[in-house]
Every structure is written in C-alpha cells, then in structure tokens.
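>>> Could you look at this predicted model? Sequence included:
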There are 2 protein chains.
Amino acid sequence: MNQLVKEIYDVISNNDYKLTNQRKIVIDALVKNQEDHLNCDEIYDLVKNVDKNLGLATIYRSLKLFVQLGILTELNIGDGSIRYDLVDLNTNSHNHHHLICKSCGKIIEVKDDSLETLEKEIEKIYDFKIENHKCKFMGLCKECIENS
Amino acid sequence: MNQLVKEIYDVISNNDYKLTNQRKIVIDALVKNQEDHLNCDEIYDLVKNVDKNLGLATIYRSLKLFVQLGILTELNIGDGSIRYDLVDLNTNSHNHHHLICKSCGKIIEVKDDSLETLEKEIEKIYDFKIENHKCKFMGLCKECIENS
DNA sequence: CTTACTGCAAAAGGTTTGCAATATT
DNA sequence: AATATTGCAAACCTTTTGCAGTAAG
C-alpha cells in the first residue's frame, strides 16, 4: 500500500476515529488526485464509481475531519467551493504556495519556504504568533500566455 | 468630501456606470469602516440605517461591480462569506497581507512589498505572469496570547 | 456490544437572477 | 427619453444537520 495512505490511516486510528470503508475510499480519491485540488462535489463524482451508495454528506464530514486532523488544508480559489490540498505529513510544514491561472483555472504548486524571514519580522512587529500561512499568486500560466 | 470617496466616484463615472444613491451609500459604509473588512450582510446592516429600502441584492451587485472596477478585492477568512478590502487606488498595488487571529477573528493589515523578489523568481521558474497575490497569515494576536 | 459513523432528506446559509418599477445620464 | 439600476421574491448552490439504521472497534 502507498506509504502516504498508510500514514493517513495511522493519523485517523491514532486519534480514535474509525477507519471506515467510506473514509478509505475518500482518502484513495484524494491521494490519487493530489494535483487536482478537488472540491467535495468532484470527489463525490469520483467516489460514486467505487461505492454507488456513498453519500455526499459523508464526504463533507470526512473532509472536515481530515482538515481537523491536519491531513488536508482548505484552498479557496474563488469559485465558490472549498478545495482541498493534501498536507505533507512528514515535513508538517505548509511551505508551498499556489499559482492560480485566471484564464484556465489551473493550479500550480510552488515549493518555497522563503516566507520565513518575513514571518519572523511580522511576528516581532505585530506581536502576532504565526502558525500557518496561505499564499496565492494570481495571473496567467505559460500555456494561456502562448495561446493568447 | 473625502479624497478617497471622490476617487471612487470617478472610477465609477469614468467607466460609464451610474453614480446612484445606493452605490454612494455602500461606498460610504466601505470607506468609513475600512479596517473592518465587512461582508455583504454586515454592510447591509450598516446601510439600512441610512436608507431603509436599500436591498441586499443591490449591495451584492454593487460589491461585484466594485471588485470588477478594482475598487475592492475579495478576502476569504474561512467564515463562509466573502469579505471586502478597499484597494489603494493611488499605488494601484496589492502590497499588503492579512494577519488573521484564529482565536478572536481579528484581521490586521500588514504593509509589505517584500514578496516582489519571490514573485520575480516564480515568474522565471514557472513561466507564469503574476498579476496579483493574496497572502494570509493565521495565528494568535497579541491580546489573545495575553488572555490565554 | 457500544457508540461512532453513514445515508437520506430536509434545512440552512450565502449569493444570484428575473422582472416590473424607478432613477440617472 | 433611453436604458442602466433597483427592490423584491424566488431560485440556486454549497454546506450542514437530525434522525434512524449500520458497522467498526
């Protein structure tokens, strides 16, 4: 079994939540489509092929739980739905940003931890303890620039 | 009249939209409560005191227009509603970030343009033309740290 | 065997829209 | 006078919730 899947299972079990079939199916969809930043409805569509009876409400509840357990973070690209991003459980860091193409909607992940200096500065100036950050860059991707 | 208000009026007129009483009232509420990052419903509450008949739909439509005209930007703090942030029309830059206290919900504005270096780097590596960015830092504000 | 979890359907937000009346240019 | 804008109510969409039945530990 995929190493990441195993780690996620552990987080759930170790926190005394039950490893139900439905949760496993949702996790499978999330891991297999990491790049896609799916929203609940899109996960529902995928998951129906595996278990026709799996309900939408169950997915909403699963996703909420996974966020609470630190397995996922929420991502808002302004389309009216919440999208989800798998957290790298090993580094336990949120050190990546998103490039969102305003033309085609593509989301590109950017690994970067260069915000740490800025964070330290902000913490000092504002007496604010930063625990996490979310950074989005909006613009045009390579393909959309070429096709315009 | 407030200089900022005058500038906003100009943007609306110059783009051939009508300077209606309702739009003026909404602008007034936005300018007078710049710090508060109001959502539509909160603006509705404020505005009702000025014009009891001003409808919620009108505010939604005004806010959409103002975003389109670059007068406002949308801000998502994860409470399920869209909040709004006045753009500094003179600098025409989006060079500020938000600190969001996860305990009391307070939003603190941080002036900073240190992301430009990072943006240039990202543009080069990913062939992505960045037009704007949104950056949120989540954590605990001074007061909430002291009261815990 | 206990109680957390699920599925369903209904409800609850927030936001959008159609239409007739109104106000701005 | 022409038409963009408004107010109202209904519609829409995403997300949440109550409850009875089911399954994981």
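Cool, got the structure.
>>> Every contact and neighbour count from this point should use C-alpha atoms.
Will do.
>>> Dump the C-alpha coordinates for stretch A:84-98 into PDB.
Output in PDB follows, covering the C-alpha atoms of stretch A:84-98 (Å, rounded to 0.1, in the frame of the first residue of the first chain):
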ATOM      1  CA  TYR A  84      -8.500  20.500  -0.700                       C
ATOM      2  CA  ASP A  85      -4.800  20.100  -0.500                       C
ATOM      3  CA  LEU A  86      -3.000  17.200   1.000                       C
ATOM      4  CA  VAL A  87      -0.600  18.100   3.700                       C
ATOM      5  CA  ASP A  88       2.900  16.600   3.600                       C
ATOM      6  CA  LEU A  89       2.700  14.800   6.900                       C
ATOM      7  CA  ASN A  90       6.400  14.200   7.200                       C
ATOM      8  CA  THR A  91       7.600  17.800   7.000                       C
ATOM      9  CA  ASN A  92       4.400  19.000   8.800                       C
ATOM     10  CA  SER A  93       5.000  22.300   7.000                       C
ATOM     11  CA  HIS A  94       2.800  24.400   4.900                       C
ATOM     12  CA  ASN A  95       5.700  25.700   2.900                       C
ATOM     13  CA  HIS A  96       4.100  25.800  -0.500                       C
ATOM     14  CA  HIS A  97       2.100  28.400  -2.400                       C
ATOM     15  CA  HIS A  98      -0.300  28.200  -5.300                       C
END
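>>> Does at least one residue of the one helix or strand A:Glu7 maps to sit close to DNA strand D?
In this assignment (DSSP states H and E), A:Glu7 forms part of helix A:3-14. Yes. Helix A:3-14 reaches DNA strand D (Cα under 7 Å from any atom of the strand) through A:Ser13.
>>> That helix and DNA strand C in contact?
No. Shown here: helix A:3-14 not in contact with DNA strand C (Cα under 7 Å from any atom of the strand), separated by at least 8.2 Å.
>>> which strands and helices sit next to that helix?
Here helix A:3-14 touches helix A:21-32, going by 3 or more Cα pairs under 8 Å, 6 or more residues apart in numbering or on different chains; DSSP states H and E.
>>> go again using 10 Å as the cut-off
helix A:21-32, helix A:56-68 (3 or more Cα pairs under 10 Å, 6 or more residues apart in numbering or on different chains; DSSP states H and E).
>>> Spit out the contact partners of A:Gly70.
Counting by Cα atoms under 10 Å, 6 or more residues apart in numbering or on different chains, A:Gly70 touches A:8, A:11, A:64, A:86-89, A:92.
>>> does the residue nearest to A:Phe137 when sequence neighbours are not counted count as helix, strand or coil?
Closest residue to A:Phe137 in three dimensions, ignoring its sequence neighbours and counting by Cα to Cα, 6 or more residues apart in numbering or on different chains: B:His133, at 4.2 Å. Three-state call for B:His133 (DSSP: H, G, I helix; E, B strand; the rest coil): strand.
>>> Next, the residue nearest in space to the middle of chain A: secondary structure please.
Central residue of chain A (Cα atoms, centre = their mean): A:Asp85, 0.9 Å from the mean position. Three-state assignment for A:Asp85 (three-state DSSP): strand.
>>> Having no further points to raise, I will conclude here.
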